[in-house]
Structures are given as structure tokens and as C-alpha cells.
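Okay, here's the prediction I keep looking at, along with the sequence it came from:
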Amino acid sequence: MRDINEFTITEAVKKTFKTEEGSRFEQLLHSFIEHVHDYTRENQVTHEEWMEVLMFLYDCGQISTPERHEFILLSDVIGWSALVDMINTRGGATEGSNLGPFYLDNAPRKALGADLSDGRDGVCVLVHGKVTDSLHNPLPGAIVDTWQADAAGTYPIQEQEQGQDKMDLRGVFEADENGRYYYTTVLPKPYTVPYDGPVGRLLRAGNRHAWRPAHLHYMVRSPGMSSITTEVFFENMEYLDNDAVFGVRKSLIAKMKPAKNIDDLGYTLTKTPDAVCEFDFVLAPEG
Ligand code: BEZ
Ligand code: FE
């Protein structure tokens with residue numbers, strides 16, 4: 001290995017890893033090394049530039065905690081998370097979108113028709129729709145797990161020190177025998193991703209803002225189907241065309257209508273809504 005140079009080093013490094021031939025791990029590792037080396041050669045990266053990248057990653061590690069994962073945020077703002085979501089969306093299924101940092105896997109079960117706002121002020125929205133397979137067959141009993149920000153753009157989990165309950169504004173619903181889900185909640189507002197750390201520095205260096213359009217988060221699952229993690233946005237809201245984390249897709253933007261003739265829907269609701277947002281989820285078979 002004494003005889004390596006800037007062109008032969010890539011193959012030499014790959015050979016030092018004794019990975020299982022043809023394995024997925026080997027493929028990903030080799031490809032990663034190739035791309036990093038190619039990037040370095042193509043851009044003739046200097047020592048200062050190389051060290052700046054490493055210090056940036058160091059800073060991401062320093063600010064990270066179990067609640068704040070700066071590397072995921074980095075992945076989000078460079079569109080990497082969105083790309084992984086796009087590549088892994090199953091044909092015919094609802095498009096995937098950001099999980100974000102505020103999911104909790106033990107949110108309370110709520111009855112259909114419940115109100116998720118936990119007494120918070122704002123526009124009261126009826127959110128409803130169907131969960132089906134790609135042939136429009138309803139999936140009764142499908143689980144719709146949702147979480148969201150309030151009318152000020154804050155997730156209760158971010159304000160626990162101010163006395164907010166982290167389980168507010170979230171709930172797990174079971175779709176009825178027709179695959180329908182429905183509940184009322186407060187219309188969320190746009191909010192910023194954290195920008196007081198290295199990722200914020202990167203955004204500022206690129207003259208970018210940190211705002212996300214208002215959205216509702218969902219994880220939807222049903223036995224025998226691939227579960228989806230996605231977000232629903234609202235038409236005509238700010239930042240739909242410049243989401244800081246590239247989560248918006250045309251198919252995920254729901255229309256908002258005034259709450260007229262909602263009795264015709266036949267739902268029993270605990271709160272009278274001001275507006276209605278309808279969104280259907282489509283799941284593809286597992287495997
Ligand atoms: C969110 O949607 O909750 C979120 C996504 C990415 C970064 C920060 C927050
Ligand atoms: Fe969010």
C-alpha cells in the first residue's frame with residue numbers, strides 16, 4: 001500500500017474492509033467511500049475546508065441530546081430525509097414525509113369524534129377521511145396516529161417547563177368499519193425548525209429561512225399493509241413552496257372548507273368545527 005496516490009487510494013481503502021462479498025453493507029460502504037473521495041478530488045478540497053466540515057459535524061454532535069438530534073435536522077434541511085421518504089414511498093400509497101423530532105410512540109388512544117385541542121384556542125377544524133388500500137377498499141380498524149403544533153406553532157412537548165402536557169395535541173384513532181377517521185383539533189400554525197445551532201448557521205450561510213408550513217403529522221398502519229409516516233398540509237398557507245425541510249408534496253396538500261352541512265357526515269363530534277379538512281390515506285400491501 002506504499003504505492004498509493006490520489007487516484008488509487010479509493011480502491012485501496014475499499015479493499016481494507018473485509019466485508020461479506022456482495023452484501024448490502026459492502027455496497028453502501030464502498031459507494032460512500034467512492035462518493036466522498038470523488039467529491040474531494042472534483043472540488044480539490046483544501047485542509048481548511050475539510051476541517052471546517054469536520055468541525056461542523058463535531059458541533060452537530062455537541063448540541064445533540066436525546067431530545068435534539070442535530071444530525072437528523074441536518075439531513076432534513078439538505079433534503080436527504082425527504083429523498084429517503086420519496087425513494088421509500090410504495091407505489092399507489094400516500095406519499096411519505098418527515099417524521100420530525102416530536103413523535104411519541106405512546107400517545108393516548110382517542111375515540112373517533114374526540115377533540116384533540118385540549119382546550120387550546122384557535123380555529124377548530126374537523127379533520128376526516130378514509131383509510132383505504134390502493135383499490136379504494138376501506139381498511140376498517142386502521143390505526144391513525146397523529147401529532148401537531150398548536151395555533152402558535154408550538155408543540156406541547158417543547159413547552160413542558162411552562163407546564164404543558166407533552167401528550168396534548170396528539171392521539172391514536174382506530175378507523176371505523178368503513179375505514180373512516182374523524183376528529184376535531186386546533187388549526188396549527190407554521191413554525192421554525194431549531195436554528196440556534198450549527199444547522200441554523202448553515203441556513204444563514206445559505207440565506208435560507210427556518211420556517212415550515214403548518215401541518216399535521218401522521219403514522220397510519222393496518223395489518224398486512226406497509227405503514228406510512230407522512231404529513232398533511234393546508235392549501236393557501238405560507239411556506240408551502242419553501243418548506244425548510246422539503247416535506248411538502250402536491251398530493252399532501254388538503255383543501256380547507258367552511259364547516260357547512262357537517263351533520264350530513266353523520267359523525268358524533270365533541271366540538272363544533274369552524275372549518276373542515278378532508279384527507280384520505282392509502283396504504284400499499286406489505287412486502
Ligand atoms: C417537524 O415537522 O416537526 C419538524 C421536522 C423537521 C425538523 C424539525 C421539526
Ligand atoms: Fe412538525
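Received, thanks. Ligands and ions are numbered 1, 2, ... in the order given.

End to end on stretch 259-275, go ahead and measure it.
Terminal residues of stretch 259-275 are spaced 4 Å apart (C-alpha to C-alpha, to the nearest Å).

try stretch 129-138
For stretch 129-138, the end-to-end distance is 11 Å (C-alpha to C-alpha).

per-residue confidence averaged over that stretch?
For stretch 129-138, mean pLDDT rounds to 97.

now do stretch 8-17
For stretch 8-17, mean pLDDT is 96.

list the buried ones in that stretch?
By neighbour count with 16 or more other C-beta atoms under 10 Å, stretch 8-17 contains the buried residues 10, 13, 14. In this view, the C-beta of every residue, glycine as well, is placed from N, C-alpha and C.

any residues touching that stretch, and which ones?
1, 4, 26, 29, 30, 33, 34, 37, 38 (C-beta atoms under 8 Å, 6 or more residues apart in numbering).

From those residues, pick the one nearest ligand 1.
When those are compared for distance to ligand 1 (C-beta to the nearest ligand atom), residue 29 wins out at 27.4 Å.

ok, that closest one - contacts?
Contacts for residue 29 (C-beta under 8 Å, 6+ apart) come out as 14, 17, 19.

Would you mind giving the contacts of stretch 8-17 as a markdown table with pLDDT and secondary structure added?
Formatted as a markdown table, these follow (pLDDT from 0 to 100; DSSP: H, G, I helix; E, B strand; the rest coil):
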| residue | pLDDT | secondary structure |
| --- | --- | --- |
| 1 | 71 | coil |
| 4 | 94 | coil |
| 26 | 98 | helix |
| 29 | 98 | helix |
| 30 | 98 | helix |
| 33 | 98 | helix |
| 34 | 98 | helix |
| 37 | 98 | helix |
| 38 | 98 | helix |
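
Got a quick PyMOL command for the buried subset of the residues you listed?
Buried residues among those (16+ other C-beta under 10 Å), as a PyMOL selection:
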select buried, resi 30+33+37
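
Tabulate the contacts of stretch 8-17 (TSV), appending distance to residue 181.
Below are the contacts of stretch 8-17 laid out as TSV (distance: C-beta to C-beta, whole Å):
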residue	distance to residue 181
1	60
4	59
26	43
29	42
30	45
33	46
34	46
37	49
38	47
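
Just give the number of residues close to the residue in the stretch 101-250 of the chain positioned nearest to ligand 1.
When distances are taken as C-beta to the nearest ligand atom, the stretch 101-250 of the chain reaches nearest to ligand 1 at residue 193, 4.0 Å away. Using other C-beta atoms under 10 Å, residue 193 has 20 neighbouring residues.

State the phi and psi torsions of it.
For residue 193, the backbone dihedrals (degrees, to the nearest 10) come out as phi -70, psi 160.
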